[in-house]
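Q: what's the 3D shape of this:
(one chain, ligands or ions: 1)
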Amino acid sequence: MKSGTVVIIGRPNVGKSTLLNRLLGEKVAIVSNKPQTTRTRILGVAHLPEAQIAFLDTPGLHRPQDRLNTRMVQTTLDTVDAGDVVYVVADAARRTAHLDQAVVQEVRRALKNHERQVLLVLNKIDMVRKPLLLPLLDAYNRLYPWTALIPISAKTGDGVDRLLAATVEALPEGEPRYEADMLTDQTMRMLAAELIREQILHETEEEVPHSVAVDIEEFKEEGGLARIGATVLVEKDSHKGILIGQHGARLKRVGTNARLGMERLFGMKVFLQLWVKVREEWRQDERLLAELGY
Ligand SMILES: Nc1nc2c(ncn2[C@@H]2O[C@H](COP(=O)(O)OP(=O)(O)OP(=O)(O)O)[C@@H](O)[C@H]2O)c(=O)[nH]1
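A: Modelled structure (predicted):
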């Protein structure tokens, strides 16, 4: 039996969370087309006949601009240390010129000379024409002594079996570390907050997505129904207006879609109430960041 931890790192928006969900066959990480969607480390456990793999999805590697971002990058670098195997995810749809030496630098720094199997996962190959793929893989090959380079599409699932096979190969022999029914370390409260944030990311643009945090104030399960009350924190009055929308239409859509996602994931009816509150500069407030789980 193989058993171990895989840490998933890469720049924002390359598809790390989509890949995690694909590897698990369940949605444990929210996805959006906005960079810096994932703010904390997320654990998802895959139970295969020949291996148990604990995947750790991390916030993207980028230059931090505020304290939330500093924590996010630190979380990522700390998490790399926990891995037997590291996936460096890159976006194949970006031109070769975008090959980022900085990411490789970060990888080297994070690994601090520790022996690690590092796989380059070239994602989004559904968006590139096949002849362009080989030169791209070749260019990546020259950047770092990867254990393997694996082209995939997290969206279609193409190549993911090959990635899993290479991963099992790279993992050490060992006993399973997690119970057979463990999927994620995220609580239902955390998942509920993330599903709300995901809908807000879909509905808003520019600085609003980054100014939002969700605080679950009530979470009660009673007879097949979950009663959830959540406050959405934003940084400015103008953001509050945008989020609520005309006659409350946008907030209503966010609530309905988040509720449907929760009902699917939790397998129960959900009654969801949302409030919006302005908390200036919550991203710079260390105490509040800790309270929110960042
Ligand atoms: N075409 C295509 N799009 C993808 C693929 N994988 C992810 N995406 C899209 O890329 C965007 C970013 O995906 P995420 O999974 O949120 O990326 P991430 O790396 O976790 O992003 P951060 O949390 O911001 O670091 C979303 O719009 C996804 O739908 C893929 O294989 N093909």
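Q: what's the burial count for the nearest residue to residue 24 once chain neighbours are set aside?
A: Leaving aside its chain neighbours, residue 24 sits nearest to residue 44 (4.6 Å; criterion: Cβ to Cβ, 6 or more residues apart in numbering). Just so you know, the C-beta spots here come from the backbone N, C-alpha and C atoms, and that holds for glycine as well. Residue 44 has 26 neighbouring residues, counting by other Cβ atoms under 10 Å.
Q: Neighbours of residue 177, how many?
A: Neighbours around residue 177, by other Cβ under 10 Å: 12.
Q: Same question for residue 291.
A: 12.
Q: got the contact list for the closest residue in space to it that isn't next to it in sequence?
A: Nearest non-adjacent residue to residue 291, counting by Cβ to Cβ, 6+ apart: residue 215, 7.7 Å away. The neighbours of residue 215, taking Cβ atoms under 8 Å, 6 or more residues apart in numbering as the test, are 193, 230-233, 291-292.
Q: Can you go through these and name the buried ones?
A: Buried by 16 or more other Cβ atoms under 10 Å: 193, 230-233, 292, out of the contacts of residue 215.
Q: quick one: residue 9 from residue 56, how far?
A: To residue 56, residue 9 is 9 Å away according to Cβ to Cβ, to the nearest Å.
Q: Give me the common contacts of these two.
A: The contact sets of residue 9 and residue 56 overlap at residue 79 (Cβ under 8 Å, 6+ apart).
Q: Who has more neighbours out of these two?
A: Set residue 9 next to residue 56 and count neighbours by other Cβ under 10 Å: residue 9 wins out with 26 against 23.
Q: can the contacts of residue 215 go into JSON lines with extra columns for pLDDT, secondary structure and distance to the ligand?
A: Compiled in JSON lines, these are given as follows (pLDDT from 0 to 100; DSSP: H, G, I helix; E, B strand; the rest coil; distance: Cβ to the nearest ligand atom, whole Å):
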{"residue": "193", "pLDDT": "95", "secondary structure": "helix", "distance to the ligand": "15"}
{"residue": "230", "pLDDT": "97", "secondary structure": "strand", "distance to the ligand": "21"}
{"residue": "231", "pLDDT": "96", "secondary structure": "strand", "distance to the ligand": "23"}
{"residue": "232", "pLDDT": "96", "secondary structure": "strand", "distance to the ligand": "19"}
{"residue": "233", "pLDDT": "95", "secondary structure": "strand", "distance to the ligand": "19"}
{"residue": "291", "pLDDT": "83", "secondary structure": "helix", "distance to the ligand": "21"}
{"residue": "292", "pLDDT": "84", "secondary structure": "coil", "distance to the ligand": "16"}
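Q: Dump those into JSON lines; add distance to residue 148 as well.
A: Shown next, in JSON lines, are the contacts of residue 215 (distance: Cβ to Cβ, whole Å):
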{"residue": "193", "distance to residue 148": "36"}
{"residue": "230", "distance to residue 148": "42"}
{"residue": "231", "distance to residue 148": "45"}
{"residue": "232", "distance to residue 148": "42"}
{"residue": "233", "distance to residue 148": "42"}
{"residue": "291", "distance to residue 148": "41"}
{"residue": "292", "distance to residue 148": "37"}
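Q: which non-adjacent residue is nearest residue 145?
A: Closest residue in space to residue 145, ignoring its immediate chain neighbours: residue 118 at 7.9 Å, by Cβ to Cβ, 6+ apart.
Q: so where's the stretch 101-250 of the chain uncertain?
A: Low-confidence segments of the stretch 101-250 of the chain (pLDDT under 70): 101-102, 112-114.
Q: ranges for the strands of it?
A: Applying DSSP state E, counting those that start in this stretch to the stretch 101-250 of the chain gives strands spanning 117-123, 148-151, 213-222, 225-234.
Q: tell me the most buried of the ones you listed?
A: Comparing the strands of the stretch 101-250 of the chain by mean neighbour count (mean count of other Cβ atoms under 10 Å), strand 117-123 comes out on top with a mean of 23.
Q: Around the ligand, pick out the residues from the stretch 1-150 of the chain.
A: By Cβ under 6 Å from any ligand atom, the residues of the stretch 1-150 of the chain that approach the ligand are 10, 12-18, 31-33, 35-38, 59-60, 123-124, 126-127.
Q: hmm, which of the residues you listed are the buried ones?
A: Buried among those (16+ other Cβ under 10 Å): 10, 12-18, 31-32, 36-38, 59-60, 123-124.
Q: ok, residue 224 - how many residues close by?
A: Residue 224 has 8 neighbouring residues, counting by other Cβ under 10 Å.
Q: contacting residues around it?
A: For residue 224, the contact set (Cβ under 8 Å, 6+ apart) comprises 268-269.
Q: One more: residue 42?
A: Applying Cβ under 8 Å, 6+ apart, the residues near residue 42 are 17, 20, 28-29, 56-57, 184-186.
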